[in-house]
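*Asks:* What follows is a predicted structure for the sequence shown.
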Amino acid sequence: MAVSALSPAALRSVAVRGRGIVTRPGPPRPRGPLPRTPWTTRGPPPDQLARVVEKRPVREQVELDTVTYAGRQYFVPGLARPRFPPWDRGWRDPRHSPGPRIEDMPLRKERGCFVCHQRVRMLEESTLLQIRGLNGMLMNSMTPIPPVASKEEILATKDHVLETFYPISPTIDLQEVYVYQELNDTGFKDGYPYSHPHTLYFLESANNRPNRFRPEQLRAKMLMFAFGNALAKAKVLYGNDPQVLEQPIVVQSVGTDGQLFQFLVFQLNTTDLVSSDGVKNLVWIDSDQNLYERAQCVPEIKKRVVTKPTGIYGLQPETFKKFLALYLHGTV
């Protein structure tokens, strides 16, 4: 008795025939690369490419007249839907105006700008960045906050090496725009007596927890807006030329959701952001400071006896002292 080995494809074919199904083997599938034809090397001819790219209705492709219900002015089943040209009002309606093209806008520039949303511009590593938007509640003062770090500590920052996440670009998740205005704006007119930024307050009041900022995201937002306010004030006082500031600018920031507090103090020492060498800016962060452990809004009752009344439990006065210290910093 002869025994021969069968391949899996042959065994599968035999099994299918046993069930009464007749299979027809197809052509072998090509295993190698595609043959080098004129289309694969130089692409399709222009007329063929235009025919493929151009998506026209079937009636236009076979050169048939389209019968629509435009003359009857009501819908008729079986007739095509008419296409009317855009209606010209004869005057400009701002509610329905498409607006000018981006290429024709007067503020159009060839160089892209990355938006971080507080209106101040900065040039960092040959990349133009803008901080736009409304920051938190800003408390101003008549006099600036005195520098926190001494001159020796400022000069010691020259030896510090900034961290980077190369090869990922720092602008990977920022919006790139080409219509923008290079403007440094503090939000106050000339002659305003309380023109010095003192402290920024951010209240995270989202009721839905998934929509809230995480603590690290809130700290990043605090740092970004503190830096934006300090840089805008420095541009007003010292001009647009990059330089090491004679009098550093200090801006504070406080972020909270009512229970967890984040404290930040930012000191702007230089406006030279093109190079990573030289004097650098400083920031101090005190994160995740609980004002209290738990707030009992509804009393806890067991067997008709109130075991835990409403109120604040685990109050930590040190957190409030830090909040008060930042509020009074530079004023008393």
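*Replies:* Perfect, thanks for sending it. This is a predicted model, so every value here is computed, not measured.

*Asks:* how far away is the nearest residue to residue 60 once chain neighbours are set aside from residue 58?
*Replies:* Among residues not flanking residue 60 along the chain, residue 66 sits closest, at 7.8 Å (Cβ to Cβ, 6 or more residues apart in numbering). Placement of C-beta: from N, CA and C, glycine included. Separation of residue 66 from residue 58 (Cβ to Cβ, to the nearest Å): 10 Å.

*Asks:* in what helix or strand does the residue nearest to residue 60 lie?
*Replies:* Counting by DSSP states H and E, there is no helix or strand that carries residue 66.

*Asks:* what do you get for residue 138?
*Replies:* Using DSSP H and E, residue 138 falls in strand 137-141.

*Asks:* and the very next helix or strand once past that strand, what does it pack onto?
*Replies:* As assigned by DSSP H and E, the chain's next helix or strand after strand 137-141 is helix 151-155. On a contact count with 3 or more Cβ pairs under 8 Å, 6 or more residues apart in numbering; DSSP states H and E, helix 151-155 meets no helix or strand.

*Asks:* quick one on the thing from earlier: the more surrounded of residue 66 and residue 58?
*Replies:* Of the pair residue 66 and residue 58, residue 66 is the one with more neighbours under other Cβ atoms under 10 Å, namely 12 against 7.

*Asks:* Would you quantify the distance from that one to residue 83?
*Replies:* Plainly put, residue 66 is 9 Å away from residue 83 if you go by Cβ to Cβ.

*Asks:* What is the burial count for residue 263?
*Replies:* By other Cβ under 10 Å, neighbour count at residue 263 equals 22.

*Asks:* In this structure it contacts residue 283, no?
*Replies:* No: at 11.1 Å, residue 263 and residue 283 do not qualify as touching, with contact defined as Cβ atoms under 8 Å.

*Asks:* how about the helices in this protein?
*Replies:* Listed in chain order, the helices of the chain (DSSP state H) span 8-18, 38-42, 46-53, 58-61, 151-155, 215-238, 317-328.

*Asks:* I'd like to know the average pLDDT value across the first one.
*Replies:* pLDDT averaged over helix 8-18 equals 51, rounded to a whole number.
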